Each structure stands twice: as structure tokens, then as C-alpha cells.
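1. with the sequence up front, the predicted model follows.
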Amino acid sequence: MRMPVVLITGAGIGIGRSSAVAFARAGYRVILTDVLEREGRKAAEEIVAAGGQAEFHHLDVRDSARTDALVALVEETYGGINVVLANAGIAHKVPLAELTDEKWSHTLDIDLGGVFRIARAAAPGMRRRGSGSVIALSSIMGVAYGWDEHVHYSAAKSGVVGLVRGLAVELAKDGIRVNGIAPGYIRTAQALSEENSLGEAGLEAAAKFIPLGRTGEPEDVADVAVFLASDAARYITGQVIVVDGGLLVGRY
Ligand code: NDP
């Protein structure tokens, strides 16, 4: 039997990169994609050096034609895509007064449109084979919290929840499961950005009120992605799993 194939967007750094490593360890051939060419190539090389199967392809998730072409190429080369991890995302801090149509659309186009495009591209092949798993990154800011000066981000991440639910129902009869992950505070470039997010000091402060006593690491999310893709999660679809160390249930 051929190796299962996972395609990951935004896989050069952060949660996407850790997920690439975790899927490789779980026996998947990993197709890493990102706008970050250098980081993506390096991540793929490291997986190969460790004995895994991986390759990098440049992909901007705003590009429908390129998304469709890459999915077709991978399917033709390896016989199909078993799992899509729609992870690429940006979180820009913009106060409402400065939130132009352009800035709004830019975030929606990547954080929500990007998930839609890769799911749309992968669905026909998964349908033909009668199986598949699509996993999308939402956020605690999309399922529970409001985030000031990030309303475009919160709107996009809430949109991911609706997208996951709708796709799950539409694709279930073809054996395809669609789920989401809503991370809490995870130590990556995104969360560490002083300009756009909590920054180092903010993450340290957050660790004090997170019930499990620490902020998350990318691996904490990656392992959940591998679980959701696996047969152990065969009866789970349409769900968005919160991975936050107890933050949402513990902060009152
Ligand atoms: P990172 O910023 O570390 O990694 C995201 C990756 O996606 C980067 O390589 C980024 O490139 C890439 N990317 C950005 N725009 C595009 C695009 N148009 N096409 C393809 N790739 C693109 O983020 P995280 O690892 O922290 O986050 C991964 C996902 O998890 C995101 O969707 C994020 O919103 C979500 N998330 C993260 C949380 C956290 O605390 N870290 C919390 C909740 C959700 P570049 O660096 O150039 O932008």
C-alpha cells in the first residue's frame, strides 16, 4: 500500500512546520507548502534527513489556479491526497478606524479563503477515492473570545468554524471528514510578534492564568492534527477542537 499523503499550507514555520514533522513521524509523505520558500525547503530537507518523505512547493493560498494545479500535481505523482491541513494564516493588528476594505479582505482571503480554496481543490480526488480528512486552523479568537484590533482575524477564524461544519456535512457521504483546531496561545512567530500579537511578555503573563500552567508549543497542536487525521478519529467530523491548556474553561 502506498504511503498516505498529507498536504500542509503555511508549513515553513510554527504550527505548520511542527505538524509536518509529526505527520512524517506518523508515516505520511508530507507535501509542505508556504510563501516562505527558504523556511519551507529547510523544513522539508530536515524531515528527509531524519528519514522521512517530504518535499516543498511554493503556494500562496490566495491563488486559486496555483492551488488547483498543485493538488493535481500531487495527486498525479502520488495517487492522491489523504489529508489536507489548512494551516496558513496571518494575524495583523489593525484598529477598526484603520481597517480599510483592503486590509479586511487581505486577512479574510488568507485565513478563510485559503482554507476554502485548498479544501475545494482536494475534495474531488478525496471523493473519487471515498476517503479523506481536511483539518483547518481556527483559533480561540474564532470560537470564544473577541480580540480587539483584530476583528478581521476573529471574523475569519469564526468563518472557519462555519466552513468546517458545512463542508463536513456536504462531504460526509463521500467518506471525507472535516474538522478544525482552535489553538489558544501557542509559542510561534505569530504569537511572539510584539507588533501584531501578545509578544514574549504577553505570553509569559498568559501562562500564569492558563490552567495547565504554560503557553502551548506548536507540537501540542501538531499532535492533535495527526490524531484528527487518523483512524482513531474516524467518527469525528464537523468539530473544532480547542487546544488551549484549559484557558477557555478556566478563565472566569
Ligand atoms: P506562523 O506565522 O508561525 O506561521 C504561519 C505560516 O503561514 C507562515 O509561514 C506564514 O508566512 C504562512 N502564510 C502567511 N500567508 C500565507 C499565504 N498567503 N499563503 C501561504 N502561506 C502563508 O503562525 P502559527 O504557526 O502561529 O499559526 C498557524 C495557524 O494557527 C494560523 O492559521 C494561525 O492563525 C493559527 N493560530 C495560531 C495561534 C498561536 O497562538 N500561534 C493561536 C490560534 C490560531 P509569513 O510568515 O510570511 O506570514
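-> That came through fine.

2. what's stretch 89-107 in contact with?
-> The contact list for stretch 89-107, computed with Cβ atoms under 8 Å, 6 or more residues apart in numbering, reads 10, 110-111, 114, 137, 149-153, 156, 190, 193, 195-197. C-beta coordinates here come from the backbone N, C-alpha and C atoms, glycine included.

3. among the residues you listed, which ones are buried?
-> Neighbour counting over the contacts of stretch 89-107 (16 or more other Cβ atoms under 10 Å) leaves 10, 110-111, 114, 137, 150-153, 156, 190, 193, 196-197 as the buried ones.

4. and the helices in the stretch 151-252 of the chain?
-> 151-172, 189-192, 199-209, 218-229, 247-250 (DSSP state H, counting those that start in this stretch).

5. which stretch among those helices is buried most, on average?
-> Comparing the helices of the stretch 151-252 of the chain by mean neighbour count (mean count of other Cβ atoms under 10 Å), helix 218-229 comes out on top with a mean of 22.

6. helices and strands around that one, which ones?
-> helix 14-25, strand 83-86, strand 132-137, strand 176-183, strand 240-243 (3 or more Cβ pairs under 8 Å, 6 or more residues apart in numbering; DSSP states H and E).

7. I'd like the ones you listed as a markdown table, with distance to residue 212 appended.
-> Converted to a markdown table, the helices and strands packed on helix 218-229 look like this (distance: least, Cβ to Cβ, whole Å):
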| stretch | distance to residue 212 |
| --- | --- |
| helix 14-25 | 18 |
| strand 83-86 | 24 |
| strand 132-137 | 20 |
| strand 176-183 | 13 |
| strand 240-243 | 11 |
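
8. quick one: which of those is nearest the ligand?
-> For the helices and strands packed on helix 218-229, distance to the ligand was read as Cβ to the nearest ligand atom. The smallest value, 2.2 Å, belongs to helix 14-25.

9. now the helix or strand just after that closest one against helix 14-25, angle please.
-> Of the helices and strands lying after helix 14-25 in sequence (DSSP states H and E), the nearest is strand 29-34. Put simply, strand 29-34 runs at 170 degrees to helix 14-25, going by axes from the mean of the first three to the mean of the last three Cα atoms, to 10 degrees.

10. tell me if strand 29-34 is near the ligand.
-> Yes. Strand 29-34 is in contact with the ligand by Cβ under 6 Å from any ligand atom, via residue 34.

11. around the ligand, which positions in the chain sit nearby?
-> 9-10, 12-16, 34-36, 59-62, 87-91, 110, 137, 139, 183, 185-186, 188-191.

12. just the buried subset of those residues, please.
-> When the residues of the chain next to the ligand are checked for burial by 16+ other Cβ under 10 Å, the buried set is 9-10, 12-16, 34-36, 59, 61-62, 87-91, 110, 137, 139, 183, 185-186, 188, 190-191.

13. so residue 193 touches residue 200, yeah?
-> No. In this structure, residue 193 is not within contact of residue 200 by Cβ atoms under 8 Å, at 9.9 Å.
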